[in-house]
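A.B. asks: 3D, please:
(one chain, ligands or ions: 1)
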Amino acid sequence: MPMQRTEIHGAEELHKYYKVYETIGSGGFAKVKLGRHILTGEKVAIKIINKRELGEDLPRVKLEIEALKSLSHQHICRLYHVIETSTQIFMVLEYCIGGELFDYIIAKDRLSEEETRVFFRQIVSAMAYVHSQGYAHRDLKPENLLIDEDHNLKLIDFGLCAKPKGGLSYELMTCCGSPAYAAPELIQGKAYIGSEADVWSMGVLLFALLCGYLPFDDENCVVLYRKITRGHYENPRWLSPGSVLLLNQMMQVDPKRRLAVRQLLNHPWVLKDYNSPVEWHSRQPLGHIDEDCITEMAVSMKRSRQSTTALVKEWRYDQTTATYLLLLLKKQRGKPVRLCPEPPVCDDSCSPMHHGAQTRDVLHFSEDEDAVITGSLDLRSDYIDDCPWVSVTPYAPQGDRGHPDGSSSKDMNFESPSVKRRYIRSPEAAPTTPQQRQERRERGREQTCEKKENIGVHAKDVDAFVLPAPRTPASSKKAARHNKNVLTTPNQNGTKASAASPRSGGSGSKERGKKRTDESRKTPNAEVLTFSPERRSRSLDLAATSDSGKKKRTGKVFGSLERGLDKMINMLTPNRKRGLREGPRKIKVQYNVTLTSQTDPDQVLDQILSILPGKNIDFVQKGYTLKCRTKGDFGKVTMAFELEVCLLQRPEVVGVHRQRLKGDAWVYKHLVEDILSTLSI
Ligand code: H91
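C.D. replies: Here you go, the predicted model:
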């Protein structure tokens with residue numbers, strides 16, 4: 001059947017270029033999986049859309065793809081590759097290691113004004129650019145802003161965006177987006193201007209950043225709509241007069257009285273500590289071609305640079321586009337502009353050592369980036385960043401055309417984009433001989449073994465996590481019932497500092513923000529890979545524990561022999577999925593982990609297990625992970641999330657790693673707070 005053939009080819013195409021790992025989220029008709037682009041070794045997010053389930057919504061997906069293809073901006077998630085089959089669409093996207101801004105806010109309860117400003121400037125930058133390209137996003141909310149490796153925001157989910165044919169000043173009719181963020185004119189079913197509605201949502205978002213809860217909230221939709229159309233919300237006492245004013249100017253019920261994005265660019269609140277307007281032009285305009293990336297691709301593809309350039313310039317969003325953009329990403333992150341050697345012709349069952357960049361000691365990595373050696377035949381390999389720093393030309397971003405409100409230059413008066421140069425470190429020259437390349441790879445391997453990619457949050461950030469600011473009035477009636485804010489991450493002393501403390505923001509000024517970015521880039525390499533003996537397979541444990549006496553006598557030599565044996569057995573044990581693990585994972589404190597004061601993971605697990613049924617939560621247990629679901633009317637899954645009991649290293653206590661997979665973020669927050677607050681924390 002031709003349909004089937006295409007299907008197989010489509011999936012094959014995906015697996016030809018990417019390693020595909022676990023699901024990291026879902027929404028609507030899509031599922032998002034973690035992946036790795038084989039040729040560059042870079043992580044990617046793969047959005048998988050089931051066309052059959054989509055039905056009439058297919059044009060929306062097409063629009064999202066079109067939008068993402070035409071948007072290239074430092075604060076917008078980059079699309080690399082689109083693979084379409086008869087039944088599915090795979091969108092390969094920039095991976096954002098820090099997860100959703102939503103989780104970040106709730107972990108900190110709320111952000112300081114300084115940290116909010118850092119993020120808000122990036123949101124304004126992204127939105128000004130989106131509007132300048134004629135698009136309205138229409139679903140702005142903290143769940144649709146992700147945090148990248150450099151702690152910068154990336155806007156995602158253009159599934160509800162609109163590009164009015166006559167330009168952004170043309171009115172739209174479709175009511176969409178999340179009700180809590182929707183502008184009054186939108187929920188009233190009036191015709192509205194997309195950019196004006198976006199500013200309202202940005203106001204709600206700003207409020208959520210500064211307060212940790214929503215300005216308009218109610219479980220009852222009718223009541224919620226009434227609150228929005230009246231535009232009345234309460235300003236908590238910790239808001240500065242400047243914040244109160246800005247929020248008020250953005251959440252004006254009359255869209256004509258609302259601030260426009262261009263006014264936000266140099267609003268006094270936005271300028272504070274920066275003294276420069278928001279830079280909204282693209283630093284990575286679409287037409288620009290990077291010569292280093294072309295050279296590397298040309299060498300790898302054995303083509304001329306000229307024909308490689310021509311191929312890249314076709315922007316087909318195929319393997320060529322993906323390879324080019326991912327190489328560019330490597331360069332921008334200061335990594336060597338290098339492709340990994342040709343993968344072997346055979347499949348995964350072949351020795352991955354053929355890949356210069358892979359290792360037999362498989363680095364199992366999960367969405368929380370807790371890399372541990374698992375020695376598994378399921379090749380969830382973490383590539384080794386096997387190249388030393390190389391000399392690269394300065395990355396000189398260029399300006400972009402268009403204006404933030406989608407208008408033409410004649411009616412706008414914007415500052416010309418300041419061309420900022422970003423220089424990339426180059427402590428070592430690029431290896432040229434095969435021997436040098438080999439040495440480099442070897443060094444890379446050593447480096448990887450010292451690397452613990454538990455990057456959800458860097459140690460520095462953990463220090464700064466903190467919080468609870470005084471409980472908020474509406475942070476939800478439900479949440480207010482609990483005196484503990486269990487989703488807030490304490491600092492390492494287990495105490496919660498004040499959000500207003502100078503350390504809590506981490507980036508109180510532009511300079512501080514910059515420093516944090518630079519430091520966060522360094523962190524992963526400096527950390528140490530955890531070897532978690534608990535992760536041994538069942539068969540291995542049986543072997544190792546069959547004689548407890550022997551175990552006690554195991555000295556250093558035996559230890560290493562045993563470890564060698566462990567590895568051997570591990571390599572031969574094909575299925576080592578999480579669920580078969582004997583003990584809980586050992587992870588570092590990160591913002592999606594709730595700390596307990598307990599040291600026995602089984603006790604914590606039992607406590608959670610006893611709570612779930614009473615809350616009408618269905619769950620499946622896989623080892624120390626509980627895959628939870630709530631169902632609404634007609635058995636429809638309304639919420640899906642995972643709770644995983646883990647062991648933390650510092651402090652050495654049990655923690656609960658939370659991950660939302662589906663459902664409304666704020667409802668999830670309240671529900672998980674509800675579950676975890678019952679634990680003895
Ligand atoms: N929301 C609508 O949960 C609720 C890690 C993570 C890392 C990602 C990169 C891109 C996208 C998601 C990522 C991600 C759905 C992405 C990009 C676009 C898009 C969609 C997703 C969730 C789905 C999972 C997401 C967050 C949003 C994580 N996610 N953790 N990198 O349309 Cl353009 Cl749906």
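A.B. asks: for residue 192, give me the pLDDT.
C.D. replies: pLDDT, residue 192: 87.
A.B. asks: for beta bridges, what are the partners of it?
C.D. replies: residue 172 (DSSP bridges).
A.B. asks: for the ligand, what's its nearest residue on the protein.
C.D. replies: Nearest to the ligand, among the residues of the chain, is residue 25, at 2.3 Å (Cβ to the nearest ligand atom). Where C-beta positions appear, they are placed from N, C-alpha and C, glycine not excepted.
A.B. asks: confidence score at that residue?
C.D. replies: 89.
A.B. asks: ramachandran coordinates for residue 67?
C.D. replies: Main-chain dihedrals, residue 67, degrees, to the nearest 10: phi -60, psi -50.
A.B. asks: just give me the neighbour total for the residue of the chain closest to the ligand.
C.D. replies: Residue 25 sits with 20 neighbouring residues when counted by other Cβ atoms under 10 Å.
A.B. asks: I figured it hits residue 32, correct?
C.D. replies: Yes. Counting by Cβ atoms under 8 Å, residue 25 does reach residue 32; the two are 4.5 Å apart.
A.B. asks: identify the residues contacting the residue of the chain closest to the ligand.
C.D. replies: Counting by Cβ atoms under 8 Å, 6 or more residues apart in numbering, residue 25 touches 31-32, 660-662.
A.B. asks: give me the buried positions along the helix or strand where it lies.
C.D. replies: If you go by DSSP states H and E, residue 25 is part of strand 18-27. For strand 18-27, the neighbour count (16 or more other Cβ atoms under 10 Å) marks 18-21, 23-27 as buried.
A.B. asks: any idea of the mean pLDDT in the longest helix along the chain?
C.D. replies: Longest helix in the chain by number of residues, with DSSP state H as the criterion: helix 113-132. Model confidence over helix 113-132, given as mean pLDDT, is 98.
A.B. asks: elements contacting that helix?
C.D. replies: Packing contacts for helix 113-132, counted by 3 or more Cβ pairs under 8 Å, 6 or more residues apart in numbering; DSSP states H and E, involve strand 153-155, helix 194-211, helix 261-264, helix 268-271, helix 502-505, helix 510-526.
A.B. asks: rewinding a little: which of the buried residues of strand 18-27 sit farthest apart?
C.D. replies: Spanning the widest gap among the buried residues of strand 18-27 are 19 and 27, at 22.8 Å by Cβ to Cβ.
A.B. asks: near the ligand, which residues of this structure show up?
C.D. replies: 24-25, 27, 30, 32, 45, 47, 77, 93-96, 99-100, 143, 146, 156-157, 159, 367 (Cβ under 6 Å from any ligand atom).
A.B. asks: which of these count as buried?
C.D. replies: Buried among the residues of the chain next to the ligand (16+ other Cβ under 10 Å): 24-25, 27, 30, 32, 45, 47, 77, 93-96, 99-100, 143, 146, 156-157, 159, 367.
A.B. asks: now intersect those residues with the strands, please.
C.D. replies: 24-25, 27, 30, 32, 45, 47, 93-94, 99-100, 146 (DSSP state E).
A.B. asks: turn those into TSV, including distance to residue 614.
C.D. replies: Below are those laid out as TSV (distance: Cβ to Cβ, whole Å):
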residue	distance to residue 614
24	29
25	27
27	28
30	32
32	31
45	35
47	35
93	39
94	41
99	29
100	28
146	34
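A.B. asks: between those residues, which sits nearest residue 589?
C.D. replies: Nearest member of these to residue 589, counting by Cβ to Cβ, is residue 99, at 14.8 Å.
A.B. asks: quick one: that closest one and residue 146 touch, right?
C.D. replies: Yes. Counting by Cβ under 8 Å, residue 99 does reach residue 146; the two are 6.5 Å apart.
A.B. asks: low-confidence ranges in the chain?
C.D. replies: 1-10, 341-486, 488-581, 680-681 (pLDDT under 70).
A.B. asks: and stretch 633-651, C-alpha only, in CSV?
C.D. replies: Once non-C-alpha atoms are left out, stretch 633-651 reads as follows in CSV (Å, rounded to 0.1, in the frame of the first residue of the first chain):
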residue,chain,number,x,y,z
ASP,A,633,-15.8,14.0,31.5
PHE,A,634,-16.1,11.1,29.0
GLY,A,635,-12.8,9.7,30.2
LYS,A,636,-10.7,12.3,28.3
VAL,A,637,-7.2,12.7,29.7
THR,A,638,-7.1,16.2,31.1
MET,A,639,-3.7,16.1,32.7
ALA,A,640,-0.6,13.9,32.4
PHE,A,641,2.5,14.2,34.6
GLU,A,642,5.2,12.2,36.1
LEU,A,643,6.5,12.1,39.7
GLU,A,644,9.8,10.4,40.2
VAL,A,645,11.2,9.7,43.6
CYS,A,646,14.9,10.4,43.4
LEU,A,647,17.9,10.6,45.7
LEU,A,648,19.6,14.0,45.9
GLN,A,649,23.2,14.5,46.4
ARG,A,650,23.4,17.7,48.2
PRO,A,651,21.6,17.7,50.6
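A.B. asks: for residue 619, which residues are in contact?
C.D. replies: Applying Cβ under 8 Å, 6+ apart, the residues near residue 619 are 612, 626-629.
A.B. asks: and it, what element?
C.D. replies: Counting by DSSP H and E, residue 619 is found in strand 618-622.
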